[in-house]
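**Q** give the three-dimensional model of this entry:
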Amino acid sequence: MSDGRNGDDLSGLRAFELRVGCYAGHRNPERPEWVELAGERIDIESIESEWREEDRLAFKVLLRDGKRLLLYYVPNQDLWSGVLQV
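**A** You can find the predicted model right below:
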């Protein structure tokens, strides 16, 4: 059984992959500013919380269109993923 950490199977690390635009300050990424969902760029209205997990950074964000999204960034893979909150 794969833990999702090898290059062959990343499914354990994400619900879906997406493009994210970030502000990069003294650490990269420092703050996500927009996401692209279904080909549409949506600005992030606010970051409600952020935390660090063992292998990734996590952000709970409110999008300008009112949706909430959990964003994850895996630095070793340079990979963004997200989970829409219901």
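**Q** tell me, what residue is most central in the protein?
**A** Centroid check for the chain by Cα atoms, centre = their mean gives residue 71 as the closest residue, at 2.7 Å.
**Q** pull the helix or strand with minimum mean pLDDT from this structure.
**A** strand 16-17 (a mean of 73; mean pLDDT, DSSP states H and E).
**Q** could you point out the helix or strand that follows that one?
**A** Downstream of strand 16-17, the first helix or strand assigned by DSSP states H and E is strand 19-23.
**Q** paired strands for that next one, with orientation please.
**A** strand 31-37 (antiparallel) (DSSP bridges).
**Q** any idea of the mean pLDDT in the partner strand?
**A** In this model, strand 31-37 has an average pLDDT of 92.
**Q** who's in contact with it?
**A** Contact partners of strand 31-37, identified using Cβ atoms under 8 Å, 6 or more residues apart in numbering, comprise 18-23, 25, 41-44, 47, 59, 61, 63, 69, 71, 82. Yep, even glycine has a C-beta here, placed from its N, CA and C like the rest.
**Q** in PDB, could you pull the C-alpha coordinates for it?
**A** What follows is strand 31-37, C-alpha atoms only, in PDB (Å, rounded to 0.1, in the frame of the first residue of the first chain):
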ATOM      1  CA  ARG A  31       0.800  33.800   1.400                       C
ATOM      2  CA  PRO A  32      -1.600  32.400  -1.300                       C
ATOM      3  CA  GLU A  33      -3.300  35.200  -3.200                       C
ATOM      4  CA  TRP A  34      -5.500  33.500  -5.900                       C
ATOM      5  CA  VAL A  35      -6.400  30.000  -7.100                       C
ATOM      6  CA  GLU A  36      -7.500  28.700 -10.500                       C
ATOM      7  CA  LEU A  37     -10.600  26.400 -10.400                       C
END
